[in-house]
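Colleague: Quick one, what's the 3D model for this:
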Amino acid sequence: MSGSIYAASIDNIRYIKFLGTVRYSHCGGLENHIDQMFSGASEIEAIVIDLEDADILDSTALGLLARVAIEYRKLADQRPVIFLKKSELYNIIKRVCFDQVFELVFDDPKVAPAEMTELVDGNQNEQQTLKRVVEAHRYLAKINKENEKLYTDITSAMS
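Modeller: Okay, here's the model as predicted:
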């Protein structure tokens, strides 16, 4: 199944929903959304990530989620919430130590997709895409020492 990413802002709560298999090619719109979210233009009371209908997130998508956690901690000293099911994706989330930077919840997030807007990838060239991939992996490396060991070599090789 192809992937997509949706977003909404309701009462100063930011919602991001992933559907299907989300790969680096889907992440340009998400990166732009994250830039806007943390530009300081509006207040954020909470961030909710809905992975209930996601099958797979590649490392670039995971890295952008790591960025959300890191940026939000700087802004509000809080952890974003991830809604997900116990599945292979849950195992991946645990392997990249997201349980240390997100609140993991195994329940329905109660956000209707009709309230959300799809984040589409703008026309970006190969160099911009590579930069996004490298930066996403750098955010994964910032989560903890274990991730730093895993992702530092990857980012160095891609840079």
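Colleague: Now do stretch 17-32: distance to the chain's middle.
Modeller: Chain-centre distance of stretch 17-32: 8 Å, with CA atoms, centre = their mean, to the nearest Å.
Colleague: Could you check it and say which residues are buried?
Modeller: Under the neighbour-count criterion of 16 or more other CB atoms under 10 Å, stretch 17-32 has 17-22, 24, 26-31 buried. C-beta: built from backbone N, CA, C; applies to glycine.
Colleague: out of the residues you listed, which are inside helices?
Modeller: Among the buried residues of stretch 17-32, DSSP state H puts 28-31 in helices.
Colleague: now, which of those sits nearest residue 4?
Modeller: Distance to residue 4, by CB to CB, is smallest for residue 29 among those, at 9.3 Å.
Colleague: How much space separates the nearest residue to the closest one once chain neighbours are set aside from residue 141?
Modeller: Distances taken as CB to CB, 6 or more residues apart in numbering put residue 119 closest to residue 29, at 3.3 Å, once the chain neighbours are dropped. Applying CB to CB, to the nearest Å, the value for residue 119 to residue 141 is 24 Å.
Colleague: and if you look at residue 106?
Modeller: Separation of residue 106 from residue 141 (CB to CB): 27 Å.
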